[in-house]
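Peer 1: next input, structure requested:
(one chain, ligands or ions: 1)
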Amino acid sequence: MIPTVRLPDGTSIPALGQGTWGMGERHGEAKAEIAALRAGMERGLTLIDTAEMYGDGGAERVVGETIAGVREHVFLVSKVYPHNASTSGVATACAASLKRLGTDRIDLYLLHWRGGYPLAETVAAFERLREAGHIRYWGVSNFDVDDMEELVEQSAGSVCATNQVLYHPDARGIEFDLMPWCRAQNMPVMAYSPLGHTGRVLRSRALASVAERHGATPAQIAIAWSMRDGTTISIPKSSTLAHVAQNAAAAEIRLTESDLREIDEAHKPPRRKQPLDML
Ligand code: NAP
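Peer 2: Residues are numbered from 1 along each chain as shown. As a prediction, the model looks like this:
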């Protein structure tokens, strides 16, 4: 069973999903990518995260093929480029994403990172999409606490459903301020690159030692760690069937106090404010 987290309005969504960055870039790999995403869905990884940026629309096309015929079982997340975050830009970008995804509705539409358009303009554009039924929820990505504070001051800014940010054992600065801030707003954090993107963090001795105790892999421990607080959504990406099976099974792992202490020893929690880390 994949656990769930609650959005600010109380709706439950899966706490573990699938990323798609790097998919849809090479035509010959689409079949394997679709097979991996489908295998994940069969194991309950029905939240799929994509963006207009990934593969220049290619990842959204791969997701569109993956969900054809099973759209209603998926919680679909996509993102708009900051340079498209104007009134007309958001509407045009969303229409293009919907077309590539082969659907009439994105469940959660995020501003990929903060750009030059005023937040008020982007929020109003998101709200218009929501009223028209093209998106169910909207949120942001790569926003630090000061950006979030500015966001919730905008008219309808507090409707924001999530903030998607970098989070893995070597990038845990958000524990100091951003995570508690989001928790106080009942807003789940969405942890991107929970495996560290490059795989470097997966060579951690502490993760290997905890993994051995659980009969698991370091990747599974990294995923279980990223979603351990019950309010964080983790979105590892995998195009490899064996990895997808492992990643889904990570939802069953319960880390003990001593596991967490061992990880803290090697990957220190923040003791002061750190600027938001991003890829
Ligand atoms: P990630 O999920 O941390 O790591 C992906 C890498 O880990 C791939 O090379 C993958 O290879 C490998 N992997 C997956 N499962 C594994 C396992 N069980 N054992 C060993 N290796 C495994 O990196 P990410 O793609 O950067 O982040 C995840 C998702 O977050 C992205 O795909 C994207 O949807 C989102 N994201 C958002 C932002 C943003 O700015 N909002 C930025 C970065 C990422 P295989 O494919 O071969 O399994």
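Peer 1: let me see the ranges of the helices in the stretch 151-279 of the chain.
Peer 2: Ranges of helices within the stretch 151-279 of the chain are 178-184, 205-214, 218-226, 241-249, 257-266, based on DSSP state H, counting those that start in this stretch.
Peer 1: what's residue 19 in contact with, if anything?
Peer 2: Applying CB atoms under 8 Å, 6 or more residues apart in numbering to residue 19 gives the contacts 49, 192-193, 235-237. (C-beta placed from N, C-alpha, C; glycine too.)
Peer 1: what is the nearest of those to residue 168?
Peer 2: When these are ranked by distance to residue 168 (CB to CB), residue 193 comes first, at 6.0 Å.
Peer 1: any idea how far the residue nearest to the closest one when sequence neighbours are not counted lies from the ligand?
Peer 2: Leaving out its chain neighbours, the residue that sits closest to residue 193 by CB to CB, 6 or more residues apart in numbering is residue 166, at 5.5 Å. If you measure residue 166 against the ligand using CB to the nearest ligand atom, to the nearest Å, the figure is 7 Å.
Peer 1: also residue 171?
Peer 2: When distance is defined by CB to the nearest ligand atom, residue 171 is 10 Å away from the ligand.
Peer 1: how about residue 169?
Peer 2: Computed with CB to the nearest ligand atom, the distance linking residue 169 and the ligand is 11 Å.
Peer 1: got the contact list for that residue?
Peer 2: Residues in contact with residue 169 (CB under 8 Å, 6+ apart) are 196, 201, 204, 206-207, 222, 225, 263, 266-267.
Peer 1: quick one, phi/psi of it?
Peer 2: Geometry field for residue 169 lists phi and psi as phi -60, psi -20, criterion degrees, to the nearest 10.
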